[in-house]
Structure formats: C-alpha cells, structure tokens
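K.L.:
I need the structure of the sequence given here:
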Amino acid sequence: MITNLAEHTKEWDLPTQRVLKHFNDILEIPRPSSELVENGEEGIREHLRQFAAAHSLECREDEVKNIAIDIPASKDCEDKLRIVLQAHMDMVTMGGNDKRATQARIEDGWLKSDGKTTLGADNGIAIAMCMALAEDKELRHGPLTFLFTVSEEKGMIGAKKLDPKLIPEDAAILVNLDAEDGAHLICNGSAGSVDVTGNFNVSEKVAIPEGYEILEIDLGGLPGGHSGDEIHQRRGNSIRLLNNLLESISNRVGADFKLVEYMDFKLIEYTGGEQRNSLPVAARCVIAVPKSEVEAVKQIAEHFRNALKKGVTPDADLSVEHARDLKINVENVDVMDDPISAIADDVKDSVMKAIREVCDLEIEAEGGFKGGVLTSSSLGVIDLKEDVLRLQILARAAKSESLGKRAGELTAVLSNAGASVLTDNRSEGWLEMKGSRAVDLAVQAVKQVVPGKIPQVFAYHAGLESALIKERVGALSAVAIGPKMADVHSRNERVSLESIADINKVVRRMVELVCSELSHVITPSPKVLKCDDEPDIGLKIHKLYSELTGPVNGALKYGVLRFLQEWGFSITKTRFKQFMEEVLDETGKVYALASEGSLEEAMHSPSWQLPHSRGVPYSVLQTVVECNDGGAEKALNGLKELRITCDNFYRACTGEELA
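P.N.:
Numbering: from 1, shown residues only. Presented below is the predicted three-dimensional model:
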C-alpha cells in the first residue's frame, strides 16, 4: 500500500486520483510471473474479474489466462474505431513481494517502493489506468478493449500464446501502456530479444588443500535497473565486477607485497543477480585461499573497490557516479566438521573466462536519444544448483539479423568454454511505418493535453508485446506510451506522479479524439470522402473500405486510408488507379524478393517508402519478418493474397480491371 497516499490525494485531478486509488489496491496483490511461481498472477486476475463483474463488463479469458475486458462505446460513438489498451499483469519481484504486499510511499514528486522490494509500477500503473478509465462515465469514447497479458516479464508468454479470438474483429489501434519514458516520448518500435543460457557441469570436485582458509566475498551496492532501457547508462554488473575481482585476486593486483606472481584459489560457490532482465546489483562467491594470503585478498578487494570509486581503474560498464555506493565485504567463514569441496580448477577457469567474454561483447549503438542502442546482451543471473552452474543472458537487438548474430556470439563463447547452451523465448522486434495512425493519434493527443512538451517519437531498446500481439491478431496500428519511471526492475524503482497524470490525460484524449470532429483523420466517412470526377466511386470506396477485415485485407485497408489522407479525402479516379497500380507493382516486387529467399532485402524494399503505398503491405511485412524463423511460405501466401485483394477491390470500386 501507499503509506502516505491520503495526504497527497488532493494534489491531483479526479481521474489521476482514481488511478492512484486503483494502484494502491493493486499493491496489495502479489503478482509474480506464473512462469516463475505457480498461479502467480491469479490474484490480480481475480481482482480484474471482480472489477468487470461489478461494472457489468464482458470479461473473457483464453487458454493461457490472458484477460480481455470490453468497454461499450459512448452513445453515438458505436461505429468508431475500437482501441485496444494493453498491459501485462505480472511484475518483476524482489525482496519477498512475490508472496506479500508491496509497500510504497510518495516522496519528492515520485511514487517509490520502500527500498526493500520492487514497486511494480511496471505495469501496475497501466492496469490501474484502464480500471479508472472504465469507471469514467463522462468520458466520450468508441468501443474499447482492455487486454491484460500473463508472464510478460518471463518471455512475453501471454502475448506469444494469445488467442486472437480474444480481440474483437473490429479492433484497429493497439495502445501498449508499457513504455517508461514519459507522456511526450512516444514509442513506435521495440527491440527483439532472446534468452541464452549456459549450463556448466561442475560435478567434478576437488578437495580443499590443507592450510587453506574459506572466505566469503559479497559485492553489492549497485543501482541495478532495466537491462535494456538502461543498459547504456554504465550502471555496472555485479557478476562482471565480482569476476574481475577474482581475476585481480588470482593475479594479485593491488597487493602491497608479492610472495608469488599468482595466487591459487579454489571456487566453492558463485551466485549473483535475481532476474534475467534486470541489471544485477549484487553477487557473492565463496573461495578458499592459503592462510598466508587471507590478508592479501582483503587488501586486493579494498584496492579494487577504491580504484573503481575514484575512477583510477575505469570499468567500461560502471561510471564513477554509479560506483559511489559500491560495497565489497570479505569475511572468514567458520568451517564445520563436514569436508568442503570446490569446483575443479579447469572448470573454474572456463567459467570465469566465459563470464569475461560474455560481458566484453560490445553494446552496438548509434548515439542520440537514450544512447541509440541497437544491440546488447546482459548477464543477469549466475546460480549454482547441485552440479550445474548456470549463466542466464538476455540479448536484445533492433534488427532480426543482429539478434541472431548476437545469440550466435554468445553461444560460441559458452560452447567453447564447455557449457551446454539453450536459446529460447525469442521475440522479434517491432517498428511502425511512417504515418502510423496509432502514432499520429498519440502525437496529436500529447500536443493537446501536455503543454510545453514537444512529442518525440523513438524506438525502445527493450521488449514490448506489441509486435507479438500484432502478429497474432493481424492488421493493428500500434504505439507504446507510459509514465516516466526510473530504476525499473530494481528496489529503487519509482514513477513520477506528474507523469502519471500526464499519461492519463494523453490516453483519455486519444480515446476522445476518435469520437471528436477530428475522427475523420483516423477513418473516412461519406461526408468527408469525395471523388471529384465520379462521385459514385467515392461512395463505393467508402462502403467496400469499411468491409475490409482480416490481416491481409486490413493491410490494404490501412494503405487506402493513407492514400485518402494524402489527398485530404478528395480524390480523382486517375489518382485512385495510380495508387492501386503502385500497390500491385510494389507488392509484386517484394513477392519476387521473398520467393528468392532475400528476406532482409524484401523487408527493406522501397515498397515500404513510397508516398502513396507506404503501409499497404503493413501486416504482410510483419509476416516477412517471421520468415527469419521459417515462415516463408506464410509470407509468400500473404503477399499473393494481397495482390488478389487489390485486383478485386479496384474492380468492385470502379468496374474496371487493373493493368
């Protein structure tokens, strides 16, 4: 619960108060990913079921327990476009809030956790926003659907297995509410990702030699954070730093005296990190060293810590600012009578080498906003269970081929070190075309309700479910927005209250715009659409346009919309014919490229850039992206179907054949 909510409530407008009230209720509900804790999301799911029942709203679930709640349109807005507002039910848990309520407080304009757990504003604020919107009887809006997915934080399982029937067929716009940068920063794309896990067999053990002392080394105090969105900020990686320290101990770097050039140590335990998609804040190992070297180890650790804090020995992954709270403790461990064994030296050396090489893989970036990160990988967890030492790595990339390349690099490093490697939970990226109706709608809303802020459109270096949902459902135009958050996936997680108010205004304005006098910007009506030389063609285009449904037809529908917008909904038969021939010609070119197996070339074909046809093969492009994972036949069939649809649509509108 928010301990001081009451004293701050009156600072905000009524819609924002409703959001905070609902989020306060959500904090009482533990909601770890069901992939991690059995039925972990059942509490929040039941909360949503009861909410829907209390407000007489239709609530549906699919086989993996995603939930959809339909909100009927306001009076006279029933024929407007349906907007899908989407959030995920689970959260990254730390410090025990996988089993108990999360405590939070308001401080200096931020809503924070108590510092012992994560906050869960990712994505609980979005759930609260949807619930508040459903209660607002004064807000005018078209038909809405709230989609709440499961296990986003554990590989986007809900989005991957989403039953398309959960989403009504008239859905046109998808608003993902999982962005974390503030109302005026509008996300039009996200990175793809893949989990790469290396498992080392450590069943071969060696005895601790006589005269050796057991030491426990704890390294912590790093800020942590999101391993995608914040990876360029040099926040440090505790597993990497502890590995560097062990190498310093081995080479006696920082010791005042050197009895020998190399210090022998035995590795007994090695753990670090809590979640694969978080920057690890702490790591721990247990080692054995000769008694004569115990003080040297403590001296080396102190030298290592001070050098990092002062920037004397810079670390590419850790800034001086983020090193200020770095802590390293070396303690003697009392040994019981039971004998202690260590990991074999050759395996220990291989594990340490693998960690170093995994962490040394460069972040590829082009600079600019949020670092312009294109490709990255983060070692999030190391754990030792029985005879297996496991490294969990999450790779991200804006482009499919870059993601595959990075996964290959990680696999090579781990395999060469002797680990068995598993790659899974691959998700492709998503990027809206220029002129996206969802992005346009968000930009317009920000301009109207967030004074003093200039909308900025960017792609996000983290995973969002939009790509997967579009792939499952079909031709949806998508955008991602959200309040400003910091240190997400850590115990320092916080969200700006002012930003919650702003993003709530933006979402409300977006649904209002669809019902306003500006709604023809989104979809034409007979009063707006004109064909100057043949009025009957204008009426037929409107009628047949409205009847286009399904993924491929939806792609053409979006293309026709962009064409009509281009000409201000005032066209001629000649212009219409030229547009349709352009679509047919360019789709044929992409088909030829895709059928030759030149998938990447097809994806970047000029077809996607033409002024009139941009966006036409939109959903088909998403299918072409799938080809990288073996969906070539599906892509070719979709392109073929699009060409047939173009012919039929033009013939039905004009009574003539295309060339």
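K.L.:
can you give me phi and psi for Glu180?
P.N.:
phi -140, psi 30 (degrees, to the nearest 10).
K.L.:
and it, what pLDDT?
P.N.:
Here the pLDDT value assigned to Glu180 is 90.
K.L.:
Which residue ranges of the stretch 51-200 of the chain form strands?
P.N.:
58-61, 67-71, 82-88, 104-107, 110-113, 144-149, 171-176, 185-190, 192-201 (DSSP state E, counting those that start in this stretch).
K.L.:
no no, the stretch 251-400 of the chain
P.N.:
Counting by DSSP E, counting those that start in this stretch, the stretch 251-400 of the chain has these strands, from start to end: 266-272, 278-279, 283-290, 327-332, 341-343, 364-365, 373-385, 388-397.
K.L.:
Report the separation between the closest residue to Glu269 other than its chain neighbours and Val330.
P.N.:
Excluding its sequence neighbours, the residue lying closest to Glu269 (CB to CB, 6 or more residues apart in numbering) is Val286, at 4.1 Å. Glycine gets a C-beta too; all of them are placed from N, C-alpha and C. Between Val286 and Val330 the computed distance is 11 Å (CB to CB, to the nearest Å).
K.L.:
Please enumerate the shared neighbours of the two.
P.N.:
215-217 (CB atoms under 8 Å, 6 or more residues apart in numbering).
K.L.:
and Pro280, what is it in contact with?
P.N.:
Per CB under 8 Å, 6+ apart, neighbours of Pro280: 222, 224, 237-239, 272-274, 379-381.
K.L.:
if we go to 6 Å?
P.N.:
By CB atoms under 6 Å, 6 or more residues apart in numbering, the contact list for Pro280 reads 237-239, 272-273.
K.L.:
Next one: it from Ile125, what distance?
P.N.:
For Pro280, the distance to Ile125 - CB to CB - is 25 Å.
K.L.:
what's the closest residue to Leu318 other than its chain neighbours sitting at in phi/psi?
P.N.:
In space, and not counting its chain neighbours, Leu318 is closest to Gly236: 3.7 Å by CB to CB, 6+ apart. Phi and psi for Gly236, reported as degrees, to the nearest 10, are phi 90, psi 160.
K.L.:
separation between Gly236 and Val19?
P.N.:
For Gly236, the distance to Val19 - CB to CB - is 34 Å.
K.L.:
again with Glu302
P.N.:
From Glu302 over to Val19 (counting by CB to CB), the distance is 48 Å.
K.L.:
Ser193 versus Ala365, what's the distance?
P.N.:
16 Å.
K.L.:
Now render the strands of the stretch 51-200 of the chain as CSV, adding distance to Gln578 and mean pLDDT.
P.N.:
CSV is the format used below for the strands of the stretch 51-200 of the chain (distance: least, CB to CB, whole Å; pLDDT from 0 to 100):
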stretch, distance to Gln578, mean pLDDT
strand 58-61, 44, 97
strand 67-71, 40, 98
strand 82-88, 32, 96
strand 104-107, 58, 92
strand 110-113, 54, 94
strand 144-149, 37, 98
strand 171-176, 26, 92
strand 185-190, 28, 92
strand 192-201, 36, 95
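K.L.:
right, so of the ones you listed, which gets closest to Leu642?
P.N.:
strand 171-176 (18.3 Å; CB to CB).
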